[in-house]
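K.L.:
Everything below, folded, please.
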Amino acid sequence: MNGVATEVRSPRDEDELRAVWMMLSRAFGWEAGNFDTFVAGSPIERVLAVFVDDEPVACSRIREFGQFFGRRRVPMGGFSPVGVAAEHRGRGYGSLVTEAQFPLLRDRGEVLAGLYPATNSLYRKVGFDVAGVWAKHRVRTRDLQLVPAARGVTTRRATEDDYGAIEACYTRVAREIPGFLDRSGPWWDRIFTAEGQQIYVVDGDAGEVVGYVRYKLQWPPRASVATIDVAELTADDPDVGHALWRLVGSSSSIAPEATLIGPPEHTLLFSLPEQDLLAHEHWRWMARVIDAPDAIAARGYPPDSRTDINLRLIDPQCEWNDGHWRFVLEDGEATLERGGNGDVELGIGAFSALYTGYASTHTLRSTGRLRSDAPGALARLDAAFGGPIPWMPDFY
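P.N.:
Alright, predicted model coming up:
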């Protein structure tokens, strides 16, 4: 670009990786001393950088995750972070260092990619689109003690010995919720070592953990009261969930307000006596299908479902996705096979939003993202991919 020597590659050694980190820390205003935390997040081969005359000017890193759709784990690579040096922005380096990861993701079998965007437009150019929600709500802490009483349920403070059982509890619940991550070991390490965090659990009859809550008491400078930030409450049983909510509510005398990360339409609305849960902050995460046939085969679908729909996928970055396909679904198992006449035409970003269940064919068609004169095919696509709005409690 612009007559300078430009290459996209992984850092060759720790010195180059440190130079990449220093560029990112300047770009995002991060503490430069957190290099070791950055290194622990992913192996060096999952980091790509744009080097201009041997200076790193942009970076993308992939975290190894899975993501649950249709009660099945789909291998997913999470972009975190993507950054460009301030003096080199507006030159296409962000798109370049993002798109360069796609063949590597495919080679590793990570058929889906996700990210939290600082800007939608950059990532839409390379095939991402909005595909799920991270939401935070606000409630008076004392109201959490108004949820139904859970008799016979005992909460206790977690210890390190509980970590494995907490992970198992999460995975049992996560499989049922579209969009939840299958968390990697490094991600769990990050969760369990969060500074100031408190974790409480409920034990099951067989010694397993059947529910847990993670939260922090936050004391703003010179404030006379705290707030409670609930990062996650996961439970196998409604009584367990209610017991954990009431435990959080017991701190209302020192923390009159709580924020809760949860689904965009929080299940607490069915447990609280009034509509006192207020929207506080919403982010839409983005997704991109990297390998369309393998992604289609990986996720789950309604059992006993059957259909055969002709698609035309448009994917300028990943030629292996581009072209005419038949989406064949039989008894809850799906394949994407070359062929057909393209009754339904859509770009890879729209296809990704459909894939996660975030957008219906009506939404995509009404915004010009999908074209079709086959309404029956659209209804069958909605039946295959539709469901609750995908969300996750993790911000990566």
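
K.L.:
Flag every buried residue along stretch 363-370.
P.N.:
Buried positions in stretch 363-370, judged by neighbour count with 16 or more other C-beta atoms under 10 Å: 364, 365, 369, 370. Yep, even glycine has a C-beta here, placed from its N, CA and C like the rest.

K.L.:
what's near enough to touch residue 279?
P.N.:
Residues in contact with residue 279 (C-beta atoms under 8 Å, 6 or more residues apart in numbering) are 135, 137, 138.

K.L.:
Among these, name the buried ones.
P.N.:
135, 137.

K.L.:
Could you save the contacts of residue 279 as JSON lines and add columns showing secondary structure, pLDDT and distance to residue 268?
P.N.:
Conversion of those to JSON lines gives the following (DSSP: H, G, I helix; E, B strand; the rest coil; pLDDT from 0 to 100; distance: C-beta to C-beta, whole Å):
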{"residue": "135", "secondary structure": "strand", "pLDDT": "98", "distance to residue 268": "12"}
{"residue": "137", "secondary structure": "strand", "pLDDT": "98", "distance to residue 268": "8"}
{"residue": "138", "secondary structure": "strand", "pLDDT": "98", "distance to residue 268": "12"}
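
K.L.:
JSON lines for the contacts of residue 279, including distance to residue 261?
P.N.:
Listed next are the contacts of residue 279 as JSON lines, based on distance: C-beta to C-beta, whole Å:
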{"residue": "135", "distance to residue 261": "7"}
{"residue": "137", "distance to residue 261": "8"}
{"residue": "138", "distance to residue 261": "11"}
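
K.L.:
Going along the chain, name the helices of the stretch 151-300 of the chain.
P.N.:
163-174, 185-192, 238-249, 292-298 (DSSP state H, counting those that start in this stretch).

K.L.:
Show residues contacting the helix or strand just after the last one.
P.N.:
Later in the chain than helix 292-298, the nearest helix or strand by DSSP states H and E is strand 306-314. Contact partners of strand 306-314, identified using C-beta under 8 Å, 6+ apart, comprise 292, 321-331, 336, 339-348, 351, 377, 380-381, 383-384.

K.L.:
what's the answer for stretch 291-303, then?
P.N.:
69-75, 106, 109, 111-112, 289, 313, 315, 318, 320-321, 325, 327, 329, 331-337, 348, 351, 355, 383-385.

K.L.:
chain center to that stretch, what's the gap?
P.N.:
The chain centre lies 18 Å from the centre of stretch 291-303; the measure is C-alpha atoms, centre = their mean, to the nearest Å.
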